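**Q** dropping a prediction and its sequence here:
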Amino acid sequence: MIIAQTMTEMWATMGSTIASFMFIWALIYQYCPYEIRLYFGKCTQRITSFFYPYIKISIHEYTGDRLKRSEAYAAVEAYLSINSSKCARRLKAEMAKDCSNLVLSMDEFERVKDEFQGIQVWWVSSKVMPLSQSMYPQQERRFYRLTFHKRNREIISEAYLKHVMQEGRETRVRNRQRKLYTNGSGNKWQIYKQTMWNHIVFEHPATFDTLAMEPAKKQDIIEDLVTFSKSKDFYARIGRAWKRGYLLYGPPGTGKSTMIAAMANLLNYDVYDLELTAVKDNTELRKLLIETTSKSIIVIEDIDCSLELTGQRNKKEEKSADEDKEKTEIETRKEHHKEETGSKVTLSGLLNFIDGIWSACGGERIIVFTTNYVEKLDPALIRRGRMDKHIELSYCSFEAFKVLSRNYLRLESHPLFDKIESLMKETKITPADVAESLMPKSPLDDAEKCLSHFIQALEEAKEAAEGHAGEDAAAQPQENSH
Ligand SMILES: Nc1ncnc2c1ncn2[C@@H]1O[C@H](COP(=O)(O)OP(=O)(O)OP(=O)(O)O)[C@@H](O)[C@H]1O
Ligand SMILES: [Mg+2]
């Protein structure tokens, strides 16, 4: 009885002591000048940190100038979105900017536990309202707070945070809406824009599954791309910029542009479609390069038509041999090109773009050139190291046809395939023409009808080729007689 009474008195005394302590604190905070409050704040922090064995790290959404959202905050948010969606009880769902999916993250004041190398840490999402009354409406300031035991200071503040940033960035890349960029033709509003690229959402459906090509060649390209995307450490070790050049060449309609879309979809990269003729000069070309982001494919289509790059170096050599002739020829060509396109981009500017010092900025980039006339290009432009992999896309083989028939008609085999195979050996047809023939022409067209259309197209192509061959043979003796 006496013990119980003593305990009650003790609790009452403690309670009143705490209450008066808090009351004094409230008074201090309300009436004391800022400097004194700051001083008391520091003292309290020192006292508590002496007994409190945990360390806290805050990551704020906006730092410094408050104009740009902190990268670190966005990465933590993405990292916790995986973790918290499994264990947090209160979640918020947002369609974040540039994201293609609804992103779940932990709600305000929610707490989740995480584990790293057997060490437990805790994340809390929180926010503070700004105290000062500004004339402008002020936003609440959100932040994440990480708590861990001080004995794990080193491992958490280095390895764990690095892991969080990396995983977070990767999650963001996975969730982002991919974009297709193109450089504008430099209208008068361009100077007011922050970037020289315009973009739309990239939604091309092509994949390597739907691309008609010999399976072994396709597999080789896929492996090359995947190996590249996983070789960050390798490129760093050998001292090379993390980029790779692909030259896609072949006749029109053989799938060069389609393959670029399939590459972007395979690696989850953005696409920068660079229109060289719209680039004013080498300086603008460099600016465009600097503004591209990593995890992207920079494409220059029809490189042979984009610039007068064909064999400029050879001409320069001729220059020393025959001064007068070269001067007029090269100057006229350059002038003509300038007049036609308004572009002063030179071959050396383009070479610098591909593998100059600036080309290393950003990393993880693929540069793709396409052309119908590979033989016309300056060898310097396409040498290995600049264009590392040369891929020929050619006329449709029977193996490639089978991919198209699977895509278009859902047919793996058919009795008509034998006839098609023998006809395809005798004639050249592009995958674009095959695709067109396999498209149903009316809602009533079934697979067999489509195959018949295709056989008809093959026979016509064969006849046309034989006709051309006949004409050529007839023209030959006449030419000789002249
Ligand atoms: N290898 C292929 N696999 C699947 N479809 C293809 C293939 N090649 C061409 N096609 C079809 O033909 C159309 C034209 O192909 P694409 O634009 O990729 O050709 P290209 O080689 O880029 O031609 P160009 O040299 O004229 O730019 C595409 O829309 C696609 O549907
Ligand atoms: Mg194309």
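**A** All right, it came through fine. Numbers count the residues shown, from 1 in each chain. Ligands and ions are numbered 1, 2, ... in the order given.

**Q** check the closest residue to residue 63 other than its chain neighbours and give its pLDDT.
**A** Nearest-residue entry for residue 63: residue 70, 5.1 Å, with adjacent residues in sequence omitted and distances by C-beta to C-beta, 6 or more residues apart in numbering. The way it works is simple: take the backbone N, C-alpha and C, and place the C-beta from them, glycine included. Looking at residue 70, its pLDDT reads 83.

**Q** tell me which residues touch residue 70, please.
**A** 59, 60, 61, 62, 63 (C-beta atoms under 8 Å, 6 or more residues apart in numbering).

**Q** confirm the first one sits in a strand?
**A** Yes. Residue 59 sits within a strand when classified using DSSP: H, G, I helix; E, B strand; the rest coil.

**Q** for burial, what's the neighbour tally of it?
**A** 20 (other C-beta atoms under 10 Å).

**Q** beta partners for it?
**A** Beta-bridge partners for residue 59, by DSSP bridges, are residue 144.

**Q** so it makes contact with residue 72?
**A** Yes. Here residue 59 lies in contact with residue 72, judged by C-beta atoms under 8 Å, at a distance of 5.2 Å.

**Q** so after the strand or helix carrying residue 424, what's the next helix or strand?
**A** Assigned by DSSP states H and E, residue 424 belongs to helix 417-426. With elements assigned by DSSP H and E, the helix or strand that comes after helix 417-426 is helix 431-438.

**Q** so which residue of the stretch 151-300 of the chain comes closest to ligand 2?
**A** Residue nearest to ligand 2 within the stretch 151-300 of the chain: residue 257 (3.3 Å; C-beta to the ion).

**Q** that residue is in what secondary structure piece?
**A** Per DSSP H and E: residue 257 is located in helix 256-267.

**Q** the next helix or strand after that helix pairs with which strands, parallel or anti?
**A** Sequence order places strand 270-273 as the next helix or strand after helix 256-267, per DSSP H and E. Partner strands and pairing direction for strand 270-273 (DSSP bridges) are strand 179-183 (parallel), strand 296-300 (parallel).

**Q** which of the residues in stretch 459-468 are buried?
**A** 461, 462 (16 or more other C-beta atoms under 10 Å).

**Q** for residue 23, grab the count of nearby residues.
**A** By other C-beta under 10 Å, neighbour count at residue 23 equals 10.

**Q** what pLDDT does it get?
**A** 70.

**Q** next one: residue 16
**A** Reported pLDDT for residue 16: 63.

**Q** now do residue 30
**A** You'll see residue 30 listed with a pLDDT of 67.

**Q** what of residue 479?
**A** On the pLDDT scale, residue 479 is placed at 49.

**Q** equivalent analysis for residue 450, please.
**A** Looking at residue 450, its pLDDT stands at 91.

**Q** how close does it get to ligand 1?
**A** 15 Å (C-beta to the nearest ligand atom, to the nearest Å).

**Q** what helix or strand does that residue sit in?
**A** Assigned by DSSP H and E, residue 450 belongs to helix 447-481.

**Q** between the strands paired with strand 270-273, which one is closest to ligand 1.
**A** Among the strands paired with strand 270-273, the nearest to ligand 1 by C-beta to the nearest ligand atom is strand 296-300 (10.6 Å).

**Q** report the angle between the closest one and helix 256-267.
**A** 170 degrees (axes from the mean of the first three to the mean of the last three C-alpha atoms, to 10 degrees).

**Q** C-terminal to strand 296-300, what's the next element?
**A** With elements assigned by DSSP H and E, the helix or strand that comes after strand 296-300 is helix 303-306.

**Q** ok now that following helix, how far from the chain's centre?
**A** 24 Å (C-alpha atoms, centre = their mean, to the nearest Å).

**Q** before we move on, what about stretch 450-466?
**A** Put simply, stretch 450-466 sits 41 Å off its chain's centre (C-alpha atoms, centre = their mean).

**Q** Provide a list of residues in contact with the residue of the stretch 101-250 of the chain found nearest ligand 1.
**A** Relative to ligand 1, the nearest point of the stretch 101-250 of the chain is residue 212 (3.5 Å; C-beta to the nearest ligand atom). When contacts are counted by C-beta under 8 Å, 6+ apart, residue 212 touches 255, 396, 400, 401, 403, 404, 407, 431, 434, 435.

**Q** closest one to ligand 2 out of those, please.
**A** For the contacts of residue 212, the nearest to ligand 2 is residue 255 (8.4 Å; C-beta to the ion).
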